[in-house]
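Colleague: next input, structure requested:
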Amino acid sequence: MTRIYSFLSFFFLFVSAATAQNDITIKGAILDVNTQLPLEMATVYFTTVKDSTVIEYATTDKNGAFRMDIKKYDKPVFLKVSYMGYQTYFEEYKGLTESKDFGKIYMLENVNALNDVVIKTEAAPITIKKDTLEFNAASYKVRPDSNVETLLKQLPGFDVDNDGKITVNGREVNQVLVNGKTFFDKDGAIAIKNLPADIIKKVQVSDFKTKKEELSKQESTSDFSSINITIDEKKNKGYFGKVMGGYGTDDRYEANVNLNYFNNKQKISLLASSNNINSTGFSMDDVFDNMGGGRNSRGGSSNSGSSGKGITQSNLLGLNYSDDWTKDLLAMGSYNFSNTINNNDSKSNQLSFLPTGNIITESDSKTRNESTGNNVNFELEYKINPSIRIVVAPKLNQSRTNSNSTSSSFSEDENGNALNESNSKSYAESDNLNFGNTINFNKTFEKKSRNLSFVFTNNNTNSESNGLNISETIFYQDNQPNDERNQTTKKKNSSDSYSADIEYTEPITDSLRVRFGSDFDWKSTVNDEKTFNFDPDTQEYNDLNLSLSNYTSSVQNSITPKVGITLQKNKFTLNLDSRTSIVNFDNHSLYLNNATDLEKKYALPFATAIFRYKFNRSKNLSFKYDYSNALPSAAQLMPVVNLNNPLNTIVGNPDLHPVEKSSINFNFKNYDFRSRSGYSVYLKGDYYDNDIVSTSIYDESGKRTTTYVNISGVYNASIGANWNQSVKSGAHTLRYGLGLNAGYTFDKGFTNAVLYNAKSTSITPKVYLSYDYGEILTIAPSYNLSYNQSKYENYSRDATSNVVHRINLQTTTYWPENLIFGNDFGYTYNSNISGDFKKDFYLWNTSISYGFLDKKLYAKVKVYDVLNQNLSATRTISATAIRDEENTVLRRYVMFSLAYKIGNFTGSEKGGKRRQRD
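Modeller: Numbering: from 1, shown residues only. I've put the predicted structure just below:
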């Protein structure tokens with residue numbers, strides 16, 4: 001570790017020394033010409049006169065001051081200042097050859113007299129428009145073949161991790177739009193990986209809003225951010241895409257097609273993918289394509305650092321469409337086809353802790369799972385008139401699955417006495433159909449902030465399944481009879497839900513608004529399960545097994561009146577909401593020819609308080625308190641026996657109470673665009689009354705009887721902080737950051753009817769940096785540590801702990817010309833792994849490609865797991881058991897591939913006159 005710190009220190013000193021001699025300092029202050037007051041968050045930047053390339057930029061602080069350290073430039077430049085609501089200031093200079101203090105620069109507000117003059121300049125690197133932060137993509141230089149993800153990583157305050165999670169100024173992004181519309185999926189994974197950066201004009205960041213909040217122009221109640229990517233008008237008409245195919249050792253293969261056609265408002269995209277290297281999505285990395293691990297963890301590589309099990313073969317097809325049919329009618333939709341086949345061999349060893357003595361279970365299984373799905377989504381937004389808008393968003397999902405499995409298990413006590421043994425073969429297939437729809441209606445009135453909204457939602461699901469089970473379970477203790485099964489099971493399940501939300505908002509004053517309305521919900525579920533034993537006389541499965549057959553249904557309807565107020569001032573916003581749900585919950589069951597009816601009535605209160613305070617445009621805090629109730633499920637409530645698992649009999653508890661949950665969430669964020677550094681701090685916690693947990697009692701043969709009970713007084717709390725900074729000097733760009741997350745959980749549970757307490761502590765620090773040298777070199781090392789400890793009371797164990805170290809190094813070189821060489825090197829150490837396996841391993845992926853035909857055609861060779869050390873061993877520690885598991889893992893392979901890029905854009909410049917300041 002000391003060597004790593006020494007290397008990084010030397011690296012920083014070297015970069016600083018190499019660039020300091022050519023740096024000069026530019027500073028000054030921006031003020032309003034009339035009020036003489038400073039303008040905070042004005043954007044000050046230099047561009048070349050020749051082609052308007054942005055050389056450097058800075059934003060002003062609360063005193064209107066700016067400062068930037070830039071490399072000397074001996075050619076003509078423009079100094080420009082941009083501020084929302086003011087005329088753009090710019091002045092020409094012969095060059096930047098020495099440090100200079102520009103003193104006070106005065107800005108003029110926009111006036112109506114300028115309406116007949118079009119002032120055409122390039123956009124400022126950063127613009128703040130009310131609650132939206134806007135970045136001009138042209139101001140951030142990336143390689144010509146880069147995707148949107150690469151562009152986002154260049155923007156100040158942005159972070160994109162290896163799993164594709166985006167954060168802006170410490171706030172997670174849960175929606176990515178393209179020109180205000182979804183591109184295949186809301187989370188934007190496909191958009192940022194597949195759209196090229198050079199067609200992007202702007203990247204806009206705002207608070208995430210639900211469709212209801214968006215239509216009614218309400219304040220966001222979310223803790224997430226939303227990104228909107230706008231396409232450059234010059235690149236908004238034409239086609240572009242990429243076709244790739246590869247074949248490798250062990251018959252590994254991958255193929256991808258990405259075709260896009262843009263015609264102004266109309267956009268059509270086609271994606272297709274086929275591979276057998278565990279990539280189950282359309283998110284493809286430029287350097288490693290579909291290869292998983294390292295920078296492309298989202299690809300789903302099966303290693304101890306991911307949740308994938310087995311080898312997955314996938315075939316995918318996607319079509320996305322969006323258009324403005326008229327100026328008042330907007331349409332968007334997508335279709336996705338998927339077929340995945342997963343094969344896995346698994347072995348596990350589990351130690352279960354009981355007050356009466358521990359149980360050791362060894363098991364193994366061989367499975368094959370296939371799933372085929374068709375998903376269609378559509379959205380229509382119609383502006384009936386300036387005050388009425390309606391959005392209709394139907395979706396249809398159809399899937400078919402089948403699975404084969406053979407498994408065996410053996411359990412013994414801690415003295416080596418055999419308890420039970422099981423062997424089984426099973427086959428199951430199912431068909432599922434789901435239709436959902438949401439209708440948003442919104443009416444605004446002449447009086448500002450007066451609003452009426454109506455939201456209707458329905459969700460209808462039907463599924464049918466057939467299964468074959470041949471099993472034998474042998475009990476060695478307590479003289480229990482063995483359990484032998486040769487049977488088929490037919491299941492029919494349906495679920496229908498409908499909800500309506502109506503709300504009216506009335507402004508009391510300019511800053512105070514009151515809301516009132518009601519929610520109406522209705523939900524019905526039916527589960528019909530029939531099991532038939534094999535009849536040796538007829539050689540058919542026609543003997544109805546009543547003990548394994550049951551029929552259950554439930555109907556839940558509720559009326560929820562609600563009221564809320566919003567107080568919005570210049571610096572802060574306060575939202576208070578309260579509602580009470582009057583619920584009628586009827587349940588019915590038919591089992592062993594006995595009917596059971598259970599009717600429950602509830603009055604469940606809910607409350608939410610949100611307070612947001614903005615110190616300035618880049619510093620804010622938020623506090624949220626939420627009180628909620630959750631009903632037990634029908635399966636948890638109904639006192640009906642479930643004998644499907646020979647080793648675990650489950651029965652519901654009709655005396656369960658609703659779960660009461662109180663949550664708090666505090667966030668503080670501060671990003672200084674002037675120094676390109678920022679930090680965020682969060683604190684959150686949950687407290688539960690009447691939490692629902694399962695409790696099991698074991699007999700002498702190791703067979704369980706499980707039910708559900710309420711537990712109160714359990715809670716969890718977490719705290720975290722992140723800090724990051726970007727430093728740019730000439731061709732050198734350095735980004736680095738620190739993060740720390742810690743958590744504490746107090747939990748309760750039962751083991752063999754004995755109550756225990758568990759206190760768990762976790763801490764996860766991380767450090768990361770990336771260094772770019774122009775368009776030639778990228779280096780990105782990172783390190784994180786995860787430490788977990790659990791202490792138990794009234795339990796057979798006192799404490800457990802484990803530590804995980806992860807080190808990753810990503811390098812990409814683009815030199816010599818046309819050659820791209822990428823490496824992802826990862827090291828993982830996990831003290832949690834069983835002593836029978838290695839506790840650490842290296843995962844090294846490498847890729848080298850060469851561009852032909854003006855870089856349109858790339859030939860590539862890549863190697864997955866160069867050292868052939870990838871592991872699949874995992875250990876899971878819970879309050880009641882330790883489980884070691886080993887699954888099939890993707891091992892080393894070499895692949896050769898060819899990729900061809902296509903693209904042709906047309907567009908026209910928008911006319912206008914240019915006005916320049918002297």
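Colleague: pull out the buried positions in the one helix or strand residue 394 maps to.
Modeller: Using DSSP states H and E, the element containing residue 394 is strand 388-413. Neighbour-count burial for strand 388-413, counted by 16 or more other C-beta atoms under 10 Å, picks out 389-391, 393-395, 397, 399, 401-405, 407-413. All C-beta atoms are positioned from the backbone trio N, CA, C, and that covers glycine.
Colleague: what's it packed up against?
Modeller: Strand 388-413 is packed against helix 211-216, strand 359-385, strand 418-444, with contacts defined by 3 or more C-beta pairs under 8 Å, 6 or more residues apart in numbering; DSSP states H and E.
Colleague: please redo it, this time with the cut-off set to 6 Å
Modeller: Here strand 388-413 is seen to pack against strand 359-385, strand 418-444 when contacts are counted using 3 or more C-beta pairs under 6 Å, 6 or more residues apart in numbering; DSSP states H and E.
Colleague: just checking, next helix/strand downstream of the last one?
Modeller: Scanning forward in sequence from strand 418-444, with DSSP H and E defining helices and strands, the next element found is strand 451-475.
Colleague: thought residue 79 was touching residue 91?
Modeller: Yes: here residue 79 reaches residue 91: they are 5.0 Å apart, a contact under C-beta atoms under 6 Å.
Colleague: more neighbours: which of those two?
Modeller: The neighbour count for residue 79 versus residue 91, taken as other C-beta atoms under 10 Å, is higher for residue 79 (20 against 14).
Colleague: shouldn't that one be within a helix?
Modeller: No: counting by DSSP: H, G, I helix; E, B strand; the rest coil, residue 79 is not found in a helix; it is strand.
Colleague: do you know the pLDDT at it?
Modeller: With respect to pLDDT, residue 79 has a value of 92.
Colleague: so who does it touch?
Modeller: By C-beta atoms under 6 Å, 6 or more residues apart in numbering, the contact set of residue 79 is 46, 91.
Colleague: verify the stated contact: residue 731 with residue 772.
Modeller: No: Residue 731 lies out of contact with residue 772 (C-beta under 6 Å); the separation is 8.2 Å.
Colleague: next one: the residue nearest the centre of the chain from residue 235, what distance?
Modeller: Closest residue to the average C-alpha location of the chain: residue 165 at 5.5 Å, with C-alpha atoms, centre = their mean. Residue 165 sits 27 Å away from residue 235 when distances are taken as C-beta to C-beta, to the nearest Å.
Colleague: show me the one of the helices and strands packed on strand 388-413 that comes nearest residue 758.
Modeller: Each of the helices and strands packed on strand 388-413 has some distance to residue 758 by C-beta to C-beta; the shortest is strand 359-385, at 19.2 Å.
Colleague: packing partners for that closest one?
Modeller: Partner elements for strand 359-385 (3+ C-beta pairs under 6 Å, 6+ apart): strand 329-352, strand 388-413.
Colleague: give me the angle between the first one and strand 359-385.
Modeller: In other words, strand 329-352. On the basis of axes from the mean of the first three to the mean of the last three C-alpha atoms, to 10 degrees, strand 329-352 is oriented at 170 degrees to strand 359-385.
Colleague: give me the sheet partners of strand 329-352 and which way each runs.
Modeller: strand 311-326 (antiparallel), strand 359-385 (antiparallel), strand 881-887 (antiparallel) (DSSP bridges).
Colleague: which secondary structure element contains the residue lying closest to residue 26 once chain neighbours are set aside?
Modeller: Nearest-residue entry for residue 26: residue 68, 5.1 Å, with adjacent residues in sequence omitted and distances by C-beta to C-beta, 6 or more residues apart in numbering. Here residue 68, judged by DSSP H and E, is contained in strand 65-71.
Colleague: specify the local secondary structure of residue 138.
Modeller: Residue 138 ends up helix, using three-state DSSP.
Colleague: try residue 757
Modeller: Residue 757 - assigned by three-state DSSP - is strand.
Colleague: quick check: bridge partners of residue 255?
Modeller: Beta-bridge partners, per DSSP bridges, of residue 255: residue 245, residue 274.
Colleague: scratch that, residue 314 is what I was asking about
Modeller: In beta-bridge terms (that is, DSSP bridges), residue 314 pairs with residue 275, residue 340.
Colleague: from residue 286, how far off is it?
Modeller: 20 Å.
Colleague: farthest from the middle of this protein: give me that residue.
Modeller: residue 537 (55.2 Å).
Colleague: tell me the spacing between that one and residue 233.
Modeller: 77 Å.
Colleague: what's the answer for residue 788, then?
Modeller: For residue 788 relative to residue 233 (C-beta to C-beta), the value is 52 Å.
Colleague: name the residue in these two with the higher neighbour count.
Modeller: Ranked by neighbour count (other C-beta under 10 Å), residue 788 and residue 233 place residue 788 first, with 18 against 13.
Colleague: grab the nearest non-local neighbour of residue 177.
Modeller: Counting by C-beta to C-beta, 6+ apart, the residue nearest residue 177 is residue 228, at 4.6 Å.
Colleague: pull the number of nearby residues for the one you found.
Modeller: Residue 228: 18 neighbours (other C-beta under 10 Å).
Colleague: on the pLDDT front, check it for me.
Modeller: 93.
Colleague: any buried residues in stretch 670-684, and which?
Modeller: 670-674, 676-682, 684.
Colleague: quick one: distance of that stretch to the chain centre.
Modeller: 21 Å (C-alpha atoms, centre = their mean, to the nearest Å).
Colleague: report the separation between residue 191 and residue 785.
Modeller: 33 Å.
Colleague: what about the two, which has more around it?
Modeller: Neighbours were counted for residue 191 and for residue 785 using other C-beta under 10 Å; residue 191 has more, 24 against 15.
Colleague: setting aside sequence neighbours, what's the nearest residue to the more buried one?
Modeller: That would be residue 183: by C-beta to C-beta, 6+ apart, it lies 4.1 Å from residue 191.
Colleague: just give me the neighbour total for the one you found.
Modeller: 25.
Colleague: cool, and residue 492?
Modeller: 14.
Colleague: now it: which helix or strand?
Modeller: strand 483-507.
Colleague: can you list the buried residues in that strand?
Modeller: Under 16+ other C-beta under 10 Å, the buried positions of strand 483-507 are 483, 485, 487-489, 491, 493-499, 501-503, 505, 507.
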